[in-house]
Each structure stands twice: as C-alpha cells, then as structure tokens.
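[1] here's a sequence, model it:
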Amino acid sequence: MAQTEFPKRRAFAMQKPRTKDRDRDEPRRTDRQRAADKRRRAEKQAGNVSQHKGDLTPQSRMISTRGGRVRITSLIVDELTRALEVILKLDGPADVLMKLFFKSNPKLGMRDRGLIAEGIYYALRHYSSMRWAMRPIRPDRAPRLAALVTLARQHGVDTLSEQTIGSEKKPLENVMAALEKQFDSAPAHVRAELPQWLFDLVEAQYTDTDALYPSMLVGAPLDLRVNLLKASRDEVLAQLEASGVEAQPTPYSPDGVRLPTKPGLTQWPIFKNGLVDVQDEGSQLIARLVAPRRREMICDFCAGAGGKTLALGALMRSTGRLYAMDINEKRLAGLAPRMRRAGLSNVHPIVIASEHDKRVSRLNGKFDRVLVDAPCTGTGTFRRNPDLKWRLNPEELARINDVQKSVLASAARLVKKGGRLVYATCSILERENQQVVEAFLAANPDWHLVPARDVLATQKIELDDAQWERFGDYFQMLPHVNNTDGFFAAVLERTPPVVEAPVDTPPAEDDASE
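    The predicted structure follows:
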C-alpha cells in the first residue's frame with residue numbers, strides 16, 4: 001500500500017510540426033510523408049496491402065506487405081531513439097513515460113506508434129543482453145545505437161537502410177556480432193535477462209528456469225473477464241465471432257475470454273456497455289478464491305484501480321456490501337466510472353491513510369471475507385512490465401516485504417470468526433508469498449490454511465494435478481505453466497467460535513421419586 005513519488009518534470013518536449021509559408025489552412029505534409037503516401041498508393045494498386053474490417057475491430061495498419069518483412073524508416077529510428085533516451089534511464093514506470101512520449105508527438109501514425117511501442121518493450125525485456133553487448137557504453141548514453149540494435153534484433157539488419165544507420169554502422173555490426181557469436185559465453189543472469197541478485201533468488205527457488213526465463217520475454221495475451229451481471233461467456237464469444245474477432249475461452253477461468261491480438265478495445269460496444277473488462281486470467285481466479293456469497297460483507301483491502309473489486313461485485317450479483325479500500329485516492333477515484341459501466345451498486349470505495357487508519361480499525365471483526373491483494377515487487381508481471389526488473393533492488397524487496405506483513409496483520413483483524421481472508425500477490429518469489437503466510441500463521445494460531453484446490457473445485461475450476469503436487473495447498477500461476485502472469489494466493493480461515501453443547505442436568509431427587 002506504499003506510494004512512490006516521481007519528480008514532476010516534462011520527460012519529453014512537444015514535437016511541433018513545421019509550418020508552411022504558403023496556405024496554412026492546407027493539411028501539412030512533409031516530403032517524407034508525401035513519399036510514403038505515394039509508396040502506399042503504389043502498393044495498394046499492386047495488391048500488396050490487405051485490410052481487415054469488422055463491426056468491432058479497427059482496420060489493421062500493421063499487416064506485413066512483403067513476406068513478413070517490416071520496413072523501418074528513419075522516422076521510426078529517430079523517434080525510438082528519443083523514447084529510449086529517457087525510458088532507459090529507468091527512473092520511472094515505462095508505461096507512464098510511454099504515454100508522455102506519444103502525447104508529445106501526436107502526429108505519429110498508428111503503424112509508427114505500434115512499431116515504436118514494440119521496440120520500447122523489446123529493449124526493456126532484453127536490456128541485460130543489450131547492455132552486455134554494448135559494454136562499456138550504457139544504452140541510455142547511446143540511445144540511437146540502442147534503437148538500431150533493438151530494431152535489428154526484432155526485424156533483421158536488412159530492414160534498416162544504410163542511410164538510416166548512418167555513422168552507427170560499425171558499432172551496430174560489433175554489437176550484433178557479439179550477440180550472435182559470443183552470447184553463449186555471457187554470464188547466466190545476462191542470458192536470463194535478469195539482474196544478478198534477482199536471478200540468484202529465482203534460481204534458488206525454481207528447477208524449471210529454462211522454461212520460465214523465455215516465457216517472461218514474450219508479450220502477454222489480452223484476457224477479458226465477462227461481466228456475469230450483463231452477459232454470459234458464450235454470448236460474448238458469439239458477439240466477437242459475428243464481428244470477425246478471433247477469441248477463445250480461457251482454459252481455467254469460467255469467466256474469461258482470450259484474444260491473441262490487442263485491438264482498440266475501449267471503442268468496442270461490448271466494452272462501453274460493460275459486458276467485459278480487461279483482467280488477466282490468473283487475476284480472475286484470485287477473485288474466485290475469495291468465493292464471495294450474496295448479501296455478505298466483503299472487503300478488497302488493497303483495491304487499487306478496482307479490477308478484482310469489479311470481479312467480486314459481479315460474483316456477489318451486486319448484493320451485500322463490498323468495501324474497496326486503498327491509500328491511492330487517484331486510482332480509487334477511477335473505480336467510479338468502471339462501477340457504473342459494470343452496473344454495480346454495492347461497492348463502497350474508501351480512501352485510507354495506511355493500513356493502520358482508524359476507519360479500518362472501526363470495522364474490525366465485521367467482514368465475512370477479505371481480499372488482501374498485497375503490494376509486491378510485481379515479478380509475475382515482467383511480460384507486461386519489463387522495466388520492473390531493472391528498477392527493483394534488494395532494499396526495495398525488503399521494504400515491500402515489511403509492508404506485506406503489516407498489511408496482512410491489519411487486514412486479518414477485519415475478519416470475523418469463521419470468516420476467510422485471501423492473501424494474494426503478483427509475485428513469483430517465495431519471500432513475498434509462502435514465507436509471509438507461514439510467518440503469519442505461526443504468530444496467529446487461531447488461523448489455518450484452507451486448500452486452494454478445494455475452494456476452486458467447489459466452483460468446478462480445475463488445475464493440473466502436477467500443479468497442486470508442486471505447490472501444495474497454495475495457489476500459484478506461472479507464465480510458462482499456465483500462460484498467465486505470475487500469481488500467488490493463500491486462503492486463510494479464522495477459527496470459528498466454539499459453541500458449547502448444552503449440559504444435561506440430572507433431575508432433582510423429588511422429581512425422580514415421582
């Protein structure tokens with residue numbers, strides 16, 4: 001529940017288009033843009049451009065036109081250079097900095113935005129190997145070379161013209177040669193694309209890292225959660241199919257739909273009307289582990305933006321009382337329009353100062369079920385947030401660990417006797433997961449662990465037997481095993497009050513004689 005403050009400064013200067021001395025009312029086109037228009041018209045006439053149209057799908061502008069090859073222009077290289085110069089300093093969340101970057105350059109087209117965004121994520125996912133191959137130069141000190149290396153690794157060196165490469169030709173050749181011929185001799189943590197300290201933790205915990213590391217270097221699919229208040233999964237799938245959208249049901253969550261591509265979802269009627277919301281399949285199952293019942297009193301203790309809150313509200317059929325607590329007022333404020341879109345009326349957002357807030361203590365012992373989606377390192381989300389790998393450090397892990405223990409202890413006091421608490425993270429580290437739960441149970445003998453498998457089985461949700469054999473009574477999802485983000489959860493139950501059986505009193509002697 002800790003907040004991180006970032007300096008208020010402009011990361012990217014606004015890119016202003018050049019003005020023309022002649023007719024200023026005329027649409028402004030550069031020589032490069034006019035040449036690109038001419039090339040596209042020629043390709044269209046030759047029949048090399050394909051478009052996909054549908055009621056819900058935006059037209060594709062990223063379709064490859066020449067046997068899978070992508071043409072990298074100088075504009076792409078220049079803008080990716082400008083983005084990496086700031087983002088590779090690793091002094092702020094990459095998604096926030098990317099939004100600022102694209103906002104500073106509104107003239108970029110959809111195709112260029114897509115290529116640049118993919119390049120940024122690729123550079124962050126493969127930052128360790130890029131820095132190793134570029135040594136002793138830091139990538140953020142040579143952002144143009146970093147951009148060229150990234151694009152060459154993604155699409156091939158031959159997609160870059162000599163004019164585009166310019167004076168970086170020899171350095172680019174040296175870096176690519178190191179990656180192609182010497183990478184096998186690089187340190188193990190470099191090949192795993194992890195910092196040394198984090199690599200050591202993961203190696204000590206997992207025996208299948210050969211599969212785990214590659215799974216964290218690819219993009220995650222787009223998972224949707226169907227809002228059961230407004231539609232069934234079959235109805236949503238039928239609407240998507242009718243609109244030409246490729247989709248399939250998620251393998252574990254009964255409420256999930258998976259899309260292999262990432263179209264402009266916010267413009268779709270099924271999203272605007274609240275039939276679906278974006279939520280990873282693993283996160284959907286966390287809500288299922290809470291197993292809320294109608295008319296119960298539920299608390300989402302670290303609600304954040306409210307993704308799991310909305311899932312819980314739908315499972316409760318918008319009955320009972322659902323409290324969404326968080327210290328981040330801005331994120332919690334964003335829950336209100338999402339509640340309206342989802343058709344929920346039982347959610348009560350509460351901004352708290354900390355887990356020790358008096359408004360929290362006043363509700364001790366009141367809740368049937370509490371979800372603690374604890375602050376964590378986010379090591380399970382490296383597919384989506386690769387910059388986290390490089391912004392984390394052992395000191396931050398220790399700080400977060402202390403916060404997790406404090407939050408769990410405070411949230412546990414909210415649960416009535418006989419009630420349940422689900423402790424969850426999006427981390428793959430035992431130090432944030434099993435060790436936190438085991439320390440809590442050791443200090444609180446009136447709590448016990450409930451097998452997560454049993455909770456899901458009552459809802460006809462099945463995971464592979466091997467997964468339960470590996471993690472016991474805990475719930476753990478992994479990208480290389482389940483194709484979800486890395487999630488952990490433990491279902492804890494507070495010992496119910498002891499009900500004393502009535503004692504039979506012997507009859508009085510006078511009564512017996514009668």
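
[2] tell me which helix or strand in this structure has the weakest average pLDDT.
    In the chain, the helix or strand scored least confidently by mean pLDDT, DSSP states H and E is helix 509-513, which has a mean of 45.

[3] any low-confidence regions in the stretch 351-500 of the chain?
    Applying pLDDT under 70 to the stretch 351-500 of the chain flags the ranges 498-500.

[4] would you map the helices across it?
    In chain order, the stretch 351-500 of the chain shows helices spanning 358-361, 388-391, 394-412, 434-443, 452-457, 465-471, 479-482, with DSSP state H, counting those that start in this stretch as the criterion.

[5] any idea how far the residue lying closest to V351 once chain neighbours are set aside is from L492?
    On the basis of C-beta to C-beta, 6 or more residues apart in numbering, the spatially nearest residue to V351 that is not a chain neighbour turns out to be E329, at 4.7 Å. Backbone N, C-alpha and C define where each C-beta goes, glycine included. E329 sits 29 Å away from L492 when distances are taken as C-beta to C-beta, to the nearest Å.

[6] quick one: which of those two has more around it?
    Set side by side, E329 and L492 show unequal neighbour counts under other C-beta atoms under 10 Å, the larger going to L492 at 22 against 11.

[7] how many neighbours does the closest residue to the more buried one other than its chain neighbours have?
    Across the structure, with C-beta to C-beta, 6+ apart as the measure, the residue nearest L492 apart from its sequence neighbours is L421 (4.7 Å). Around L421 sit 25 other residues, with neighbours defined as other C-beta under 10 Å.

[8] ok, L421 touching A374?
    No: taking C-beta atoms under 8 Å as the definition, L421 is not a contact partner of A374, at 11.1 Å.

[9] would a markdown table of the helices of the stretch 351-500 of the chain with mean neighbour count and distance to G256 be doable?
    Supplementary listing: the helices of the stretch 351-500 of the chain in a markdown table, determined by neighbours: other C-beta atoms under 10 Å; distance: least, C-beta to C-beta, whole Å:
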| stretch | mean neighbour count | distance to G256 |
| --- | --- | --- |
| helix 358-361 | 13 | 32 |
| helix 388-391 | 19 | 24 |
| helix 394-412 | 17 | 27 |
| helix 434-443 | 16 | 26 |
| helix 452-457 | 18 | 14 |
| helix 465-471 | 13 | 17 |
| helix 479-482 | 20 | 12 |
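
[10] which stretch among the ones you listed comes nearest H126?
    Shortest distance between H126 and those, using C-beta to C-beta, is found for helix 388-391: 10.7 Å.

[11] which outside residues touch the closest one?
    Applying C-beta atoms under 8 Å, 6 or more residues apart in numbering, the set of residues contacting helix 388-391 from outside is 90-91, 124, 127, 193-195, 198, 377-379, 381-382.

[12] which of those has the most neighbours?
    F382 (26 neighbours).

[13] list the contacts of it.
    Shown here is F382, whose contacts under the criterion C-beta under 8 Å, 6+ apart are 125, 216, 388-389.

[14] just K38 next, same as before
    Contact partners of K38, counting by C-beta under 8 Å, 6+ apart, are absent.

[15] buried ones in stretch 339-351?
    When burial is assessed from 16 or more other C-beta atoms under 10 Å, stretch 339-351 yields the following buried residues: 339, 341-342, 344, 346-347, 349, 351.

[16] what's the first-to-last distance across that stretch?
    Counting by C-alpha to C-alpha, to the nearest Å, you get 16 Å between the two ends of stretch 339-351.

[17] hmm, who's touching it?
    Contact partners of stretch 339-351, identified using C-beta under 8 Å, 6+ apart, comprise 227, 229-230, 272-274, 277, 303, 306, 309-310, 313-314, 316, 318-327, 329, 332-333, 335-336, 359.

[18] torsion angles phi and psi at D277?
    Dihedral angles of D277 (phi, psi; degrees, to the nearest 10) stand at phi -140, psi 160.

[19] do I have it right that it meets G307?
    Yes: judged on C-beta under 8 Å, D277 makes contact with G307 at a distance of 7.1 Å.

[20] can you list the contacts of helix 388-391 in CSV and add distance to F471?
    Formatted as CSV, the entries for the contacts of helix 388-391 read as follows, by distance: C-beta to C-beta, whole Å:
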residue, distance to F471
L90, 32
D91, 36
L124, 29
Y127, 30
E193, 25
L194, 22
P195, 25
L198, 21
T377, 19
G378, 20
T379, 16
T381, 19
F382, 20
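
[21] buried stuff in stretch 241-259?
    Along stretch 241-259, the positions that meet the burial threshold by neighbour count (16+ other C-beta under 10 Å) are 245, 247, 249-250, 252-259.

[22] how about these, which pair is most distant?
    Pairwise distances across those peak at 21.3 Å for V245 and Y252 (criterion: C-beta to C-beta).

[23] which ones are touching V372?
    If you count contacts by C-beta under 8 Å, 6+ apart, V372 has them with 301-302, 407-408, 411, 421-424.

[24] and for T495?
    By C-beta under 8 Å, 6+ apart, the residues touching T495 are 417-418, 446-448.

[25] now with 7 Å, please.
    Under the criterion of C-beta atoms under 7 Å, 6 or more residues apart in numbering, the contact list for T495 reads 417, 446, 448.

[26] between those residues, which sits nearest L100?
    H448 (47.8 Å).

[27] now the closest one, nearest residue through space, not along the chain?
    Looking at H448 with C-beta to C-beta, 6+ apart, the closest residue is E493, at 5.9 Å.

[28] looking at it, the one you found is touching K417, isn't it?
    No: between E493 and K417 no contact is recorded; they are 9.8 Å apart, counting by C-beta atoms under 7 Å.

[29] out of the two, which sits in the more crowded spot?
    It is E493, of E493 and K417, that has more neighbours when counted by other C-beta under 10 Å, with 17 against 12.

[30] for the more buried one, name its beta-bridge partners.
    R420, H448 (DSSP bridges).

[31] give the contact list for it.
    Residues in contact with E493, defined by C-beta under 7 Å, 6+ apart, are 420, 447-448, 450.

[32] mind putting those into a markdown table with neighbour count and distance to L222?
    A markdown table is the format used below for the contacts of E493 (neighbours: other C-beta atoms under 10 Å; distance: C-beta to C-beta, whole Å):
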| residue | neighbour count | distance to L222 |
| --- | --- | --- |
| R420 | 22 | 31 |
| W447 | 19 | 37 |
| H448 | 12 | 38 |
| V450 | 17 | 32 |
